[in-house]
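*Asks:* Quick check, what structure comes out for this input:
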Amino acid sequence: MALPGETATRRRTTLLGALLAGWGVVLGVVVLWQPWVSCPGEDSSAGCPVPADAVPFVYAALVAALVSAVVGAVVLAAGRARR
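*Replies:* Now for the predicted structure:
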């Protein structure tokens, strides 16, 4: 028999996992596209190298995106498997 709060907890856990995973994917795609960078001779900013002064920030954003996506996937799986 299910407890009254169990369904709400499962729903919140699943939602949190989906939001974290989605945020990680969106952040990773935006950082890889790097829309704030422009370089001569390229029609797409994704083909430009990362400016040297922005490397630490881009690296930190990619790590944050990866961690968020992985943690979100684990929390989502835990929320879905919860009974």
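*Asks:* Tell me which other helices or strands the helix or strand bottoming out on mean pLDDT in the chain touches.
*Replies:* Between all helices and strands in the chain, the lowest mean by mean pLDDT, DSSP states H and E belongs to helix 6-33, at a mean of 89. Applying 3 or more Cβ pairs under 8 Å, 6 or more residues apart in numbering; DSSP states H and E, we find helix 6-33 packed against helix 55-81. C-beta coordinates here come from the backbone N, C-alpha and C atoms, glycine included.
*Asks:* Now find how far off-centre the helix it packs on is within its chain.
*Replies:* Its chain's C-alpha centre and that of helix 55-81 lie 5 Å apart, by Cα atoms, centre = their mean, to the nearest Å.
*Asks:* so what secondary structure elements neighbour it?
*Replies:* Packed next to helix 55-81, using 3+ Cβ pairs under 8 Å, 6+ apart, are helix 6-33.
*Asks:* Distance of the residue nearest the centre of the chain relative to Arg80?
*Replies:* In the chain, the C-alpha closest to the average C-alpha coordinate belongs to Gly24, at a distance of 0.1 Å (Cα atoms, centre = their mean). Counting by Cβ to Cβ, to the nearest Å, the gap from Gly24 to Arg80 is 17 Å.
*Asks:* Equivalent analysis for Val55, please.
*Replies:* Where Arg80 is concerned, Val55 sits at a distance of 37 Å (Cβ to Cβ).
*Asks:* Equivalent analysis for Val25, please.
*Replies:* Taken as Cβ to Cβ, the span from Val25 to Arg80 is 18 Å.
*Asks:* The two: who's more crowded?
*Replies:* Neighbours per residue, other Cβ atoms under 10 Å: of Val25 and Arg80, the larger number sits with Val25, 15 against 12.
*Asks:* count of neighbours near the residue nearest to the more buried one when sequence neighbours are not counted?
*Replies:* Spatial nearest neighbour of Val25, chain neighbours left out: Ala69 (5.7 Å); criterion: Cβ to Cβ, 6 or more residues apart in numbering. Number of residues near Ala69 (other Cβ under 10 Å) recorded here: 19.
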